[in-house]
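J.: here is my input, please return the structure:
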Amino acid sequence: MGAPTGEPMLSMREVAKRFGASRALDGVSIDLYPGEVHALIGENGAGKSTLMKVLSGAYRPDSGSMTLAGEPYAPRGPRDALSRGVAMIYQELAIAPHLTVEANVMLGQERTRWGLLRRGEHRRLVGEALALLEHADIRPEAVAGRLSVGAQQLVEVARALVSDARILVFDEPTSSLTERDAERLFAVIDRLRAQGMAIVYISHFLEEVRRVASRYTVLRDGRAVSSGAMAGTDLRSIIAAMVGRDLTEMFPRVPHEPGEPVLDLSAISGRRLPRRADLRLRRGEVLGIAGLVGAGRTELLRAVFGLDEIRSGQVTVNGASGRSGSPRERIGQGMGLLSEDRKGEGLALGRSVEENLTLSALGRYAKLGWLGLGKRREEARRWIEAMRVRTTGPDQRIGELSGGNQQKVALARLLHQRADVLLLDEPTRGIDVGSKAEIYRMIGELAAGGKAVLMVSSYLPELLGVCDRIAVMSRGVLGEARPVSEWTEHRIMEEATGQRSSPPSG
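T.: Numbers count the residues shown, from 1 in each chain. Prediction:
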């Protein structure tokens, strides 16, 4: 697709926004045209969310101007922005799970007459929106909470269509979707673009950005540093613009040698998943687990850590064997788990960096029932420096940090509790490419230091780039772990989908 022609649907000119001494936006200008998908790219903290919150009326800019369809645009709040045709689809979906699809679509924009709902008009509007999405499987009378995450996301899109949105902003829309649901979403976006809607697409997955977007803008440190047509653009140049340097080593390799076994799984099965898992993990090794969403990868890690019941089989950690153990016992045996749900399970977002870092080993600072806060603060500062966490200090609320820095604190907690066996579930989900490279280097350094790493990931390039061996889980059964040199993305997907029963050759 060539350069856009005609008048832009939206123009943002020299938009600036400060929070205290921090400059979140420093004179950003961007144009958005009808019938285009414009990718907004940048590291966590680059200013993407702030810019979109200005667009949606959640923030008022300190300076700069906006026009929408040639008219001055300065929304008084999100409801005002929606009434002007600007709709947001956030990563955390705003679905009322107990209500029907129809009620969710019309929520906040109900049609009434003399105080009564015009249900006939509701049915017509919702039916037209769902027909436009071409998803007959999403029924207006269905309870929204029983739908897949991908279908719930399309319910939010239908809500935007009913509001007559002209601009639709997707913020990390595929981070929790299966590959099939992601492709369904891309097809919907293609149809909306073809009908003249202007779409802003925010994602850390650069491969899908290239698939869906026609133009892009890169933000770094609150400034627009690069923009252009996506066609023919090298992803390496986009990454360099994002991080301000050339990431010649996207998957840094830190030399390490596997040693003696520290974790053995023998015929492990859970209440539902996994169905069977046999595995041997060695000290100084990074072992990856691949598989489709729902194959049982997360359930395996949770069972090994003691969060879910083990129905049969045996777990041996550092020589201690048994069928099951509580998380407290596993921590005592030298095991640590990094949850895939960083915000829901992995961190206490309302607490400080220091508290999150030390929560799993508070006994180290206790004496006669009192916590030694000075010693804890000193240890927190040491880990913040060692993990290169960008924070104002140990007392900063962790929810204020970028995703990459939150993940570093979550990793630091495992190391602080002196874990030898690290169970990492989707360790780079939702963080930017620069932070990913840092996490990959840290994983390599942990292995070089003698830690054993068992890592689940849906992003095959990182498994192939970081791991020493890979095992594939399919329908709850874990396959044999083989050296990474024996795998390709294609072979992994064959085994994950049950198309291969014999080991790959060559």
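J.: use CA for all of it now, contacts and neighbours both
T.: Will do.
J.: Provide the backbone phi and psi angles at the residue nearest to the spatial centre of the chain.
T.: With distances taken as CA atoms, centre = their mean, the residue of the chain nearest its centroid is G430 (2.6 Å). Torsion angles at G430 (phi, psi; degrees, to the nearest 10) stand at phi 80, psi 10.
J.: E257 now?
T.: For E257, the backbone dihedrals (degrees, to the nearest 10) come out as phi -130, psi 130.
J.: before we move on, what about A21?
T.: Dihedral pair for A21: phi -80, psi -10, per degrees, to the nearest 10.
J.: my read: the residue nearest to the centre of the chain touches S402, true?
T.: No: in this structure G430 lies outside contact range of S402 using CA atoms under 8 Å: 10.0 Å.
J.: so A295, which state does it fall into?
T.: coil (DSSP: H, G, I helix; E, B strand; the rest coil).
J.: just use 760 as the starting number from now, easier for me
T.: In the new count, where the first residue is 760, that last one comes out as A1054.
J.: tell me the contacts of it?
T.: P1033, M1232, S1233, R1234, G1235, V1236 (CA atoms under 8 Å, 6 or more residues apart in numbering).
J.: and for M1146?
T.: K1167, V1168, A1171.
J.: make a markdown table from the residues you listed and add pLDDT, distance to S781 and secondary structure to it.
T.: Below are these laid out as a markdown table (pLDDT from 0 to 100; distance: CA to CA, whole Å; DSSP: H, G, I helix; E, B strand; the rest coil):
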| residue | pLDDT | distance to S781 | secondary structure |
| --- | --- | --- | --- |
| K1167 | 88 | 22 | helix |
| V1168 | 91 | 22 | helix |
| A1171 | 89 | 26 | helix |
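J.: of these - the most surrounded one?
T.: Ranked by the number of neighbours (other CA atoms under 10 Å), the contacts of M1146 place V1168 first, at 28 neighbours.
J.: list the contacts of the closest residue to it other than its chain neighbours.
T.: In this structure, V1168 finds its nearest non-sequential neighbour in L1116, 6.0 Å apart by CA to CA, 6 or more residues apart in numbering. The contact partners of L1116, by CA under 8 Å, 6+ apart, come to A1139, V1168, A1169, A1171, R1172, H1175.
J.: so the fifth one sits in a strand?
T.: Okay, so that is R1172. No: assignment of R1172 by three-state DSSP gives helix, placing it outside any strand.
J.: for the stretch 960-1109 of the chain, what spans make up the helices?
T.: 965-971, 994-1002, 1056-1064, 1086-1091 (DSSP state H, counting those that start in this stretch).
J.: do the same with the stretch 1160-1265 of the chain
T.: Under DSSP H, counting those that start in this stretch, the stretch 1160-1265 of the chain gives helices at 1162-1175, 1192-1207, 1219-1225, 1248-1255.
J.: for the shortest one, name the packing helices and strands.
T.: Right, the one you point to is helix 1219-1225. Here helix 1219-1225 touches strand 1045-1050, going by 3 or more CA pairs under 8 Å, 6 or more residues apart in numbering; DSSP states H and E.
J.: hang on, the earlier thing: from the helices of the stretch 1160-1265 of the chain, which stretch is densest packed?
T.: helix 1162-1175 (a mean of 23; mean count of other CA atoms under 10 Å).
J.: which strands or helices does that one pack on?
T.: Checking 3+ CA pairs under 8 Å, 6+ apart, helix 1162-1175 ends up next to strand 1094-1097, helix 1112-1117, helix 1132-1145, helix 1192-1207.
J.: many thanks, I have nothing further to ask.
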